[in-house]
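Visitor: any chance you can model this:
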Amino acid sequence: MKRSKNSQREPTEEERDLVVAVRHCAGELNDILQGARRKAQSNSKLFAESGISVLFRGIDSYADMYEKLKLKSRDGLERLFTKFADCEEVQDAQDAIEETEGNWRNFLANLDHEVESAVLSKERNPKSAEREFTADKPDQLYFRPAAYPLIDMHSNREVSLGEYLVGKTCVLVTFQPAYWPDTCIRWRCAEVSKVKADWTQFCAGNVVITWGPAEEVRSWSKQVSRLTKWPVLWDKFGSFCSFLGFHSGIKCIWTAETLDFLGSQRAAHNWPVPRPPPDLNWLEWLHVGGEAVVSIPVLWHPKPVAQETTEESDPMTVVLSAGIKRSHPELSTEKTEGCSTENSVSDQQREASRDRQAVEAGELKVCSIHRSMHLADLIPSGSVYQAVLTCYARSHQTTEALVMDRIRQNRRFTTAPESARLQYEANSGLYYDPETALYYDAARGYFYDAAERMYYYWSQSEHRYVPANSLIQAELAAARVAQTAAVQAAMSRAAREREAARQAAIRVAAQLAEIRANKDDYAAYAYATCVIPQQDIESAAYQNTTAAASTIEQSLKSWESQSRADTLVSQCVNDSLLSNSRTSNTPPPPGL
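Guide: Numbers count the residues shown, from 1 in each chain. This next block holds a predicted model:
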């Protein structure tokens, strides 16, 4: 480690805690290592078969260190070393644990070398497998699923990996031995759950393939199935793992990186780390696993990719033809880039051609494979995501950029609305949500996407924004229909009221005429004072009932034809006339 040039200073309390925890872990690891060396000196093969499991105690040392420092991974420890790099005691502690881990690796390498000639066979040599199966492209293999039978530990029946690709774009296959803790499976399950929405959209699945003694596989698979809900398959004869060419060896199984990872995960998540089986012959189980993305090959065309590459290279040609001078290194760089582009296109063409052959032959494709150097050496989550994305884009005959655009939109549209995020814009009179890039229309109660010209509403049950353009159009159409119906109802009601008034007037006129015909003095008084304009008592209308009835009908018709204003004016005039005439010409009421 590079020493700091700063002068020595007194460490802080946090630095002292770091130094104590790291030195304590390094001391325990060194004690375990010294004990293993003494046991291996007498008989290295016997120690490798049954005594090497004492190295497993290193997990407790790492877990105690992480618990004391309240860290979750080795990256956090490295950040602390960088933070306190100016403290000499911290530097000494870092040197101590790195030196111990280096001695640990050297011990395993020497032990592996001593027993290698006796235990490793030609079939278990990963190099021969790699030379045999990865001559075309190391990260892509093709195989017939029926050639490598597996056992489903849930149903205890013989299956093939192709059965778990039905309805799936691809599956992420994790290879882990059953005689080691399931910590790596738990970690991968937690990583997949972080992108569960995208994983579902990609139609991707997960499968665990394990190996080991039958009893260990049975108990281990039950635990994994209960935690992850993933199918667990048993490679009983080890043929599939041998085909994929995973690494093996004592130095791969018992490396310090594996113990460090298991200890950190136990401290961070309180995951149990059971002890390995005591009666296991470790020389028979030396393979470490890895991970692979397996899919059903599809027919796809690399031509769009080649066209995009050509379009991107056209501006460079135009610039060069314009007479701009370039230096020779730049020209050589452009030639190199052009060659790499051509090689990439040719590789894609070969891959597309090989996929076509695999489709015709009914083979499965290993799109990406990671052969772990130790049990905790898992493929980065970003690489897994990229491989699954590529499989999805090719199966749907689209580009990865378009797929990611849809995914980003889905992510925006699954973000629940919050009033605290809304920002009022005076120009539009709407509220803007920067998290979802949507406007909130308070008048309608909907969210609006200006780019797509689309209205949305938030669905609590689906937990996403649902398009509402058709809903708004239906609401507007319903409002127009309701408005038209209301106008028609008002017109019909007014017509009915007018007709009812006319009929009532006719009935009143008929009744009054009938009363007049019966020589009723009170009806005559009503005629003279209320119904028709005041006339002379000697008028002929008062002498003839038929003439009186016709006069009433004519007065009613004239009343209907006049406007309300004219009626009021005439009523005022009539009132004044009546008030003036009652004193002289109005006959007294009957009985007076």
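
Visitor: Leu430 against Tyr439, yeah?
Guide: Yes - taking Cβ atoms under 8 Å as the definition, Leu430 is a contact partner of Tyr439 at 4.2 Å. C-beta here means a position set from N, CA and C on the backbone, and glycine is covered the same way.

Visitor: what do those two both touch?
Guide: Tyr448 (Cβ atoms under 8 Å, 6 or more residues apart in numbering).

Visitor: okay, now Asn427: neighbour count?
Guide: 5 (other Cβ atoms under 10 Å).

Visitor: what of Glu462?
Guide: Neighbours of Glu462 (other Cβ under 10 Å): 9.

Visitor: quick check: it vs Ala437, distance?
Guide: Using Cβ to Cβ, to the nearest Å, we find Glu462 at a distance of 20 Å from Ala437.

Visitor: and if you look at Arg444?
Guide: 18 Å.

Visitor: now Arg16
Guide: 50 Å.

Visitor: and Trp180, how many residues sit next to it?
Guide: Using other Cβ under 10 Å: Trp180 sits among 24 other residues.

Visitor: run through the residues that contact it.
Guide: Applying Cβ under 8 Å, 6+ apart, the residues near Trp180 are Pro276, Leu375.

Visitor: tell me the confidence at it?
Guide: Here the pLDDT value assigned to Trp180 is 91.

Visitor: next, it: secondary structure please.
Guide: With DSSP: H, G, I helix; E, B strand; the rest coil as the basis, Trp180 sits in coil.

Visitor: and it, what are its phi and psi?
Guide: Main-chain torsions, Trp180, degrees, to the nearest 10: phi -120, psi 160.

Visitor: from Lys83, how far out is it?
Guide: Applying Cβ to Cβ to Trp180 and Lys83 gives a distance of 33 Å.

Visitor: so which helix or strand takes in the one residue sitting closest to the centre of the chain?
Guide: Most central in the chain under Cα atoms, centre = their mean is Ala197, positioned 2.9 Å from the mean C-alpha point. Using DSSP states H and E, Ala197 falls within helix 196-201.

Visitor: sheet partners, orientation included, of the helix or strand just after that helix?
Guide: Proceeding N to C from helix 196-201, the next assigned helix or strand is strand 204-210, under DSSP H and E. Strand pairing for strand 204-210, determined by DSSP bridges: strand 170-175 (parallel), strand 232-234 (parallel).

Visitor: could you dump those into JSON lines and include mean pLDDT and mean neighbour count?
Guide: JSON lines is the format used below for the strands paired with strand 204-210 (pLDDT from 0 to 100; neighbours: other Cβ atoms under 10 Å):
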{"stretch": "strand 170-175", "mean pLDDT": "95", "mean neighbour count": "24"}
{"stretch": "strand 232-234", "mean pLDDT": "96", "mean neighbour count": "25"}
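
Visitor: so can I have a markdown table of the ones you listed showing distance to Phe246?
Guide: Converted to a markdown table, those look like this (distance: least, Cβ to Cβ, whole Å):
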| stretch | distance to Phe246 |
| --- | --- |
| strand 170-175 | 7 |
| strand 232-234 | 15 |
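
Visitor: and of those strands, who's closest to Ala63?
Guide: Closest approach to Ala63 among the strands paired with strand 204-210 is made by strand 170-175 (23.0 Å; Cβ to Cβ).

Visitor: tell me the first helix or strand C-terminal of the closest one.
Guide: helix 183-194.

Visitor: what's in contact with that following helix?
Guide: Against helix 183-194 from outside (Cβ under 8 Å, 6+ apart): 172, 174, 176, 199, 206, 208, 224, 227-228, 230, 261-262, 265-266, 269, 271, 273, 291, 375-376, 378, 381, 384.

Visitor: pull out the buried residues from the residues you listed.
Guide: In those, burial by neighbour count holds for 172, 174, 176, 199, 206, 208, 224, 228, 230, 261-262, 265-266, 273, 291, 375-376, 378, 384, counting by 16 or more other Cβ atoms under 10 Å.

Visitor: for Arg157, phi and psi?
Guide: The phi/psi pair for Arg157 (degrees, to the nearest 10) is phi -130, psi 160.

Visitor: can I assume Gln91 is in contact with Ala85?
Guide: Yes - with contact defined as Cβ under 8 Å, Gln91 counts as touching Ala85 (6.9 Å).

Visitor: what helix or strand is Gly102 on?
Guide: Secondary structure (DSSP H and E) places Gly102 in helix 88-119.

Visitor: buried stuff in that helix?
Guide: Neighbour count says helix 88-119 has 88-91, 93-94, 96-97, 100-101, 103-104, 107-108, 111-112, 115, 119 buried, by 16+ other Cβ under 10 Å.

Visitor: again, but for stretch 443-463
Guide: By neighbour count on 16+ other Cβ under 10 Å, the buried set for stretch 443-463 is Tyr446, Phe447, Tyr448, Asp449, Tyr455, Tyr456, Trp458.

Visitor: which one's the longest helix in the chain?
Guide: helix 469-517 (DSSP state H).

Visitor: show me what it is packed up against.
Guide: Using 3 or more Cβ pairs under 8 Å, 6 or more residues apart in numbering; DSSP states H and E, the elements in contact with helix 469-517 are strand 454-459, helix 521-526, helix 545-561.

Visitor: where among those is the average confidence lowest?
Guide: helix 545-561 has the lowest average pLDDT among the helices and strands packed on helix 469-517, namely a mean of 59.

Visitor: quick one: average pLDDT of stretch 410-419?
Guide: 81.
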